[in-house]
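**Q** heads up, no residue letters with this:
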């Protein structure tokens, strides 16, 4: 479904990604993990079209998208839930959800999408008239995921959904990601929380200093000596 092939990305003269490659197959949850400043958000922002690679290519559903603006990438079914949630705090939960359904196809399916979001995330139905800024951190993250789902993604990319959340809420958010995938949406999960995200994912990649250093089945990665020493303190 998604194929990132040898992309280099730089901020000015500073190169952040070095020949970065990964694939996501339809129906999978794939985790991209690594320490802070490893290049994870740069990767997802480049896939979304907010940054441009200086070399390499990105294909989504067998078509190149690395030359497209972000709104066209979203219209093709590739949707990002950004780090930090980026909600509109003085708008209601329902108004924030509606903003996710801005493409013509998504607007046509708005009622159906809203029903799906409320089934997956019933707390949003209960809070739909409440201002987004008054929600707890975990509820805001659920709203950000719900807004992404309103765009009717084929592939949903989540950038650090567990950041700043209590452990119990992290578990709930990751269960939500699992439910989203079970309902037919492919997921690329970008996370610092290595253990939790790899336990959830089918496959994973480990990014260090802008380079993929490990990749494969999640169960195998969790037993890898380098990963256990560097990220799990074992």
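**A** Cool, got the structure. Predicted model, so just to flag it, every value in this text is computed and none were measured. Numbers count the residues shown, from 1 in each chain.
**Q** Can you tell me which residue is spatially central in the protein?
**A** Nearest to the mean C-alpha position of the chain, by Cα atoms, centre = their mean, lies residue 158 at 1.6 Å.
**Q** mind listing what's buried in the helix or strand containing it?
**A** Here residue 158 sits within strand 155-159, counting by DSSP states H and E. Neighbour counts over strand 155-159 (16 or more other Cβ atoms under 10 Å) mark 155-159 as buried. All C-beta spots, glycine's among them, are computed from the backbone N, C-alpha and C.
**Q** Show which residues not belonging to the helix or strand of the chain with the lowest mean pLDDT make contact with it.
**A** For the chain, counting by mean pLDDT, DSSP states H and E, helix 225-231 ranks last in confidence among helices and strands (a mean of 82). The contact list for helix 225-231 (Cβ atoms under 8 Å, 6 or more residues apart in numbering) reads 33, 35, 194-195, 206, 213-214, 221-222, 234.
**Q** got the buried residues for it?
**A** Buried residues in helix 225-231 (16+ other Cβ under 10 Å): 227, 230-231.
**Q** now these as CSV including distance to residue 113?
**A** Below are the buried residues of helix 225-231 laid out as CSV (distance: Cβ to Cβ, whole Å):
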residue, distance to residue 113
227, 37
230, 40
231, 36
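**Q** Pick the one among those closest to residue 97.
**A** residue 231 (34.7 Å; Cβ to Cβ).
**Q** Tell me how far that closest one lies from residue 197.
**A** Residue 231 sits 11 Å away from residue 197, going by Cβ to Cβ, to the nearest Å.
**Q** do residue 176 as well
**A** 13 Å.
**Q** out of the two, which sits in the more crowded spot?
**A** Neighbours per residue (other Cβ atoms under 10 Å) separate residue 176 from residue 197, with residue 197 holding more: 26 against 19.
**Q** what packs against the helix or strand where that one lies?
**A** Assigned by DSSP H and E, residue 197 belongs to helix 194-200. On a contact count with 3 or more Cβ pairs under 8 Å, 6 or more residues apart in numbering; DSSP states H and E, helix 194-200 meets strand 29-33, helix 167-182, strand 186-191, strand 203-208, helix 218-222, helix 225-231.
**Q** Go again with 6 Å.
**A** If contacts are counted by 3 or more Cβ pairs under 6 Å, 6 or more residues apart in numbering; DSSP states H and E, helix 194-200 sits against strand 29-33, helix 218-222.
**Q** what is the mean pLDDT for it?
**A** Mean pLDDT, computed over helix 194-200, is 90.
**Q** now stretch 177-185
**A** Here the average pLDDT along stretch 177-185 is 94.
**Q** which residues sit against that stretch?
**A** 29, 120, 156, 187 (Cβ atoms under 6 Å, 6 or more residues apart in numbering).
**Q** so which two of those are the farthest from each other?
**A** 29 and 120 (15.2 Å).
**Q** Out of the two, name the residue with the larger neighbour count.
**A** Counting neighbours by other Cβ under 10 Å for residue 29 and for residue 120 shows that residue 29 has the greater number, 25 against 18.
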